[in-house]
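Chemist: give me a model of this one.
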Amino acid sequence: MGFAMNVVRFRFVKALLLIVFVISHVSASTSAADKGPLNVFIMAGQSNMAGADSEVAVPPGFQQTEADRATRFTVSPLLDGETSKEYMPWGEIRGHQIKNKLVHGPEVGFARALYAAGWRDIAIIKVHANFGREVQAWPWGEGGPLFNAWTMFVDARLAEIKADGHSARICGFVWHQGIDDAIHGKLAGDYARNLSDLIGVMRERYGTKQTSFVLARSVNSRIAQPDPNAGDDTPMAVVRRSQVKVGESIPFAAWIDVDDLPNVNTHHFSANSQLVIGQRFGDAFLKLQ
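Modeler: Just a heads-up that it's a prediction; the model follows:
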């Protein structure tokens, strides 16, 4: 009789544990599903996208707002990615390191503009890189070293979003790059084609043909155009015209002007100017919607 009772108890406990396991599993699955999608923006470019020389005070680097704390943000230089000491994993928007300086780029003003317009659940993936005179082909183009490092970094961050129980909706691309092409000259004439091709590739890979792409026309750098009397055929002028052409001719693309903002260290922007640039990026994106 005692043996039979023990068997019954064992079966009861086993069934109870199974029920608890099933309920826990369903609850965890429901919880993960309830996290919902994140509105993801992919930012890329060179030093002005990084925020070089936009030095700010001690962490978090600026007076954070509700929008900054509500936005997920990650940033890294290329080609090092996660192995770089300047890599910042997912967290709220705050200052990040560039050459031992705490800085921020346009992500701050951009997130604030969208937040003020009612956007929530925003996540920003930002990368930045420069290239030198030795480059023979555009490294940001499909198959190039910066393109490969960029997409690898984005893919890894999207996988982290998924692992955290969210889905990711790629809402737009923000681009601030071109001074390298103008300084080094030989790639300037291909800038419009290179950028147009890149927009198509990134939309196909991460979004749709209608995914917004917002870019900044590069500042008229004194390094890129040292002669104030230089004509319109200088590499800088060619790149700047190409950026406007792409922003105005590609569907669901737009460009912003930054010529009126004061520069520091030749063609970089201050933290206050970066806030304005981010706001202009946000305004341009919202108009495209």
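Chemist: next, the buried residues of stretch 163-180.
Modeler: Residues of stretch 163-180 classed as buried by neighbour count (16 or more other CB atoms under 10 Å): 166, 168, 170-180. The C-beta positions use only the backbone N, C-alpha and C, and glycine is treated the same way.
Chemist: mind listing the helices for the stretch 151-289 of the chain?
Modeler: 179-184, 191-206, 235-249, 271-288 (DSSP state H, counting those that start in this stretch).
Chemist: looking at those, which is nearest to Leu158?
Modeler: Nearest to Leu158 among the helices of the stretch 151-289 of the chain is helix 191-206 (8.2 Å), distances taken as CB to CB.
Chemist: off-centre distance for that closest one?
Modeler: Offset of helix 191-206 from its chain centre (CA atoms, centre = their mean, to the nearest Å): 15 Å.
Chemist: ditto for stretch 137-154
Modeler: With CA atoms, centre = their mean as the basis, stretch 137-154 stands 14 Å off its chain's centre.
Chemist: alpha carbons of that stretch, as CSV, please.
Modeler: What follows is stretch 137-154, C-alpha atoms only, in CSV (Å, rounded to 0.1, in the frame of the first residue of the first chain):
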residue,chain,number,x,y,z
ALA,A,137,38.2,51.8,-54.7
TRP,A,138,35.5,53.2,-52.5
PRO,A,139,35.7,51.2,-49.3
TRP,A,140,32.1,51.9,-48.3
GLY,A,141,30.9,50.2,-51.5
GLU,A,142,29.5,46.7,-51.5
GLY,A,143,32.3,44.2,-50.9
GLY,A,144,34.7,47.0,-49.7
PRO,A,145,36.4,46.7,-46.3
LEU,A,146,34.3,49.4,-44.6
PHE,A,147,31.1,48.0,-46.1
ASN,A,148,32.0,44.5,-44.8
ALA,A,149,32.9,45.7,-41.3
TRP,A,150,29.8,48.0,-41.2
THR,A,151,27.3,45.3,-42.2
MET,A,152,28.9,42.8,-39.8
PHE,A,153,28.6,45.2,-37.0
VAL,A,154,24.9,46.0,-37.8
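Chemist: average pLDDT for that stretch?
Modeler: In this model, stretch 137-154 has an average pLDDT of 98.
Chemist: please identify the buried residues of that stretch?
Modeler: Neighbour-count burial for stretch 137-154 [16+ other CB under 10 Å]: 138-142, 144-147, 149-151, 153-154.
Chemist: contacts for that stretch, please.
Modeler: 42, 44, 76, 78-79, 81-82, 125, 127, 129, 131, 177, 181, 187, 190, 194, 197-198, 201, 205-206 (CB atoms under 8 Å, 6 or more residues apart in numbering).
Chemist: quick one: buried ones out of these?
Modeler: Judged by 16+ other CB under 10 Å, buried ones among the contacts of stretch 137-154: 42, 44, 76, 78-79, 125, 127, 129, 131, 177, 181, 187, 190, 194, 198, 206.
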